[in-house]
Each structure stands twice: as C-alpha cells, then as structure tokens.
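Engineer: turn this into a model:
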Amino acid sequence: WTGTDMNMDAGTADVVIKSTFSGIAVNMLASTLENLRIEGPGFSATNSVGIYIRASSATVRNVAVRHFGTGISVLQLWYGHFDRVHTYFNSVGFKIEYSYNVLLNNVRISADRGDGVATDGIIMVDRSMVTLQGGAIEGYNRGILVPSDASLACFGTYFETKNGVNASGVLLD
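Structural biologist: Numbers count the residues shown, from 1 in each chain. Okay, the predicted model is just below:
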C-alpha cells in the first residue's frame, strides 16, 4: 500500500486509514506499507493494534500510527525494516515478539497516550533481535524493555522524558 504522505496533523493527511473498533486495523503478511497515516479508536481500546505483522519480511516507511492500544505489533518477523515511522498517542509504540533482523531506522516514538500519561515505547519479547538507529523515543515511562533472552543494538537515538528518576530509557529485564 502506498499513499502520498504521512502528515500527522489532524485533517491534513492525504491518505488516512481510520479504524473505529478494538481490533487490528492493518494486518500485514509480507509487503510494503508507505506514506500513510493510520488512526485508531483511542488508547482505551486496549486490544486495538494499528499494524500487525506476522511475516518473513516486511517494510514500513513514512507511516504514522496513532490512537491504538499497540501502535505496531510484530510476531515472527525475520527481516523487518521500519524507516521514518512515527507512533504516538498509543499505550505501546512497538511490540516486537520472537523476531530477528528488525531495523528501526529514524523512528519517532512518542510514548504518551495523549492524555499526559507516560507509557512504553518498545517492548521486546522472546529472543527478539532489534537494531535501533537514530530517531527518538520521547515521553516514556519505559523507553525500551529488553528481556534477558533478547538483543538490542542502539546507535544515535535520542531519549527524552519528563518522568525523571521514575522512568527508564532502556530497562534490561
């Protein structure tokens, strides 16, 4: 799927996918998604997911995802490339489960549900391997949660939150 831009300002994007229910808005099995904005029913719809990917490979480029329980959820993604993706006003920005060779390049994760409550930027689960290159994680309670069986390589990423000592940029669990 290819749109024309991902403009994040309300009412100004050329292509918007709008989901009004608590479920998966976009279910990717292997493909490319670019130049879109995907809007959901709100963070209180905890079972809602903006983009769900279960595939051997997928590319998401210039996509904004907002107002979901989980912005982007991946399971068994062996080669994933996320370039200039922005998640905001979600309870969780990215959930990456049992996935390898996942590159997050210049992503922006605003880990604030939209009501001032800080949440999780990235949750890694079950032996996932992620490279985070550039971009920013902002407004988080937990920027990145990394379990002991996962691996994270992080280069030149900006972390900022107003939650002070109560927040963790990278939490090794």
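Engineer: distance between the helix or strand where residue 123 lies and the chain's centre?
Structural biologist: For residue 123, the element it lies in under DSSP states H and E is strand 120-125. Counting by C-alpha atoms, centre = their mean, to the nearest Å, strand 120-125 is centred 9 Å from the centre of its parent chain.
Engineer: for the helix or strand just after that strand, buried residues please.
Structural biologist: Moving toward the C-terminus from strand 120-125, the next helix or strand (DSSP H and E) is strand 129-133. By 16 or more other C-beta atoms under 10 Å, the buried positions in strand 129-133 come out as 130, 132. In this view, the C-beta of every residue, glycine as well, is placed from N, C-alpha and C.
Engineer: CA-only coordinates of strand 129-133 in PDB, if you can.
Structural biologist: C-alpha atoms of strand 129-133 as PDB (Å, rounded to 0.1, in the frame of the first residue of the first chain):
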ATOM      1  CA  MET A 129      16.900  -9.000  17.900                       C
ATOM      2  CA  VAL A 130      16.500  -5.300  17.100                       C
ATOM      3  CA  THR A 131      18.700  -2.600  15.800                       C
ATOM      4  CA  LEU A 132      17.600   0.900  16.600                       C
ATOM      5  CA  GLN A 133      19.400   3.500  14.500                       C
END
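Engineer: beta partners of residue 70?
Structural biologist: For residue 70, the beta-bridge partners under DSSP bridges are residue 49, residue 92.
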